[in-house]
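Trainee: make a model of this:
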Amino acid sequence: MYRVGSIKEIRGVRKYVSVDGGMTDNIRPALYSAKYTALVANKINAQEKETVTICGKCCESGDILIRDISLPKLQREILLQF
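Mentor: Model prediction:
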């Protein structure tokens, strides 16, 4: 599980959601291109979705956990389960 930190939207490009982990505790996406899915436990039945990229706290180009996943609208402090 990861907790959502900051959210940064670059209009017309991508919306980034940083979490309190990343390549420091899960190096598999960076090293092996491991693919994950995620869910927001308290919003499983939410109808409104947005496409986001989940990134870690290292601010490195390889610290992307999930690229372009459709999830319910996220806010800071929400828990994501991988």
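
Trainee: list the contacts for Ser70?
Mentor: Ser70 makes contact with 49-51, according to Cβ atoms under 8 Å, 6 or more residues apart in numbering. (Each C-beta comes from the backbone N, C-alpha and C, glycine too.)

Trainee: so what touches stretch 44-56?
Mentor: With Cβ under 8 Å, 6+ apart, stretch 44-56 has contacts from 2, 7, 14-19, 21-24, 26, 38, 40, 63-74, 80.

Trainee: strands - which of the residues you listed land there?
Mentor: In this view, those that belong to strands under DSSP state E are 2, 7, 14-19, 64-72, 80.

Trainee: what's the burial count for Pro29?
Mentor: 21 (other Cβ atoms under 10 Å).

Trainee: equivalent analysis for Ile27, please.
Mentor: 14.

Trainee: again with Gly22
Mentor: Gly22: 23 neighbours (other Cβ under 10 Å).

Trainee: quick check: it touching Cys59?
Mentor: No - using Cβ atoms under 8 Å, Gly22 is not in contact with Cys59, being 9.2 Å away.

Trainee: and the helix or strand of the chain with the lowest mean pLDDT, what's buried?
Mentor: The helix or strand of the chain with the poorest confidence is helix 28-32; it has a mean of 90 (mean pLDDT, DSSP states H and E). Applying a neighbour-count criterion of 16 or more other Cβ atoms under 10 Å, one finds 29-30 buried in helix 28-32.

Trainee: same question for stretch 8-19.
Mentor: By neighbour count on 16+ other Cβ under 10 Å, the buried set for stretch 8-19 is 17-19.
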